[in-house]
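Chemist: Just the structure for this:
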Amino acid sequence: MPLSEEEQRILHEMEKKLFEHDRSFLGHDKSPQSFASRSLRASVGLFIVGFIIVILSFASSLLLATFGFLVMLVSAVMFERGLRHSRGIADTAVHHPLGDDLVTLAHRLRSRFFQQH
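Modeler: Numbering: from 1, shown residues only. All right, here's what the predicted structure looks like:
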């Protein structure tokens, strides 16, 4: 249902007052979509940096190569979370039947362990 002319005028006035009141609002894109896209780009860049560290240091320093691998792992987790965020999927809203079974199993094992000791 389209807005009436009066409603459009009121909406336009509200937007105008908002932008006049908060000038810093004009230059910033604070939408969740922009945050998610920046997060995805940053995680891909970090993954590439970690990969380069692994390739360049594997022959000379296993410790530095391990650090590069950890950087790659962290960036993969960042990418996955950014992807979930960009698709609007909350981490707490996702329930897997297998995950619920694992939680139940963990509670049972903890209760048995603490009852015996």
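
Chemist: Show me what the one helix or strand residue 44 maps to packs onto, helices and strands only.
Modeler: Secondary structure from DSSP states H and E places residue 44 in helix 32-57. Contact analysis of helix 32-57 by 3 or more CB pairs under 8 Å, 6 or more residues apart in numbering; DSSP states H and E lists helix 62-86 as its packing neighbours. All C-beta atoms are positioned from the backbone trio N, CA, C, and that covers glycine.

Chemist: Distance from the helix it packs on to the middle of the chain?
Modeler: Relative to its parent chain, helix 62-86 has a centroid offset of 12 Å by CA atoms, centre = their mean, to the nearest Å.

Chemist: Give the next helix or strand downstream of it.
Modeler: Going down the chain from helix 62-86, the next helix or strand is helix 97-116, by DSSP H and E.

Chemist: Can you give the contact residues for that next one?
Modeler: Counting by CB atoms under 8 Å, 6 or more residues apart in numbering, helix 97-116 has no neighbours from elsewhere in the structure.

Chemist: State the mean pLDDT of it.
Modeler: Averaging pLDDT along helix 97-116 gives 72.

Chemist: Give me the buried positions along that helix.
Modeler: Across helix 97-116, burial judged by 16 or more other CB atoms under 10 Å covers no residue at all.

Chemist: before we move on, back to that, run the chain-centre distance for the helix holding residue 44.
Modeler: Remark: helix 32-57 is offset 13 Å from the chain centroid, using CA atoms, centre = their mean.
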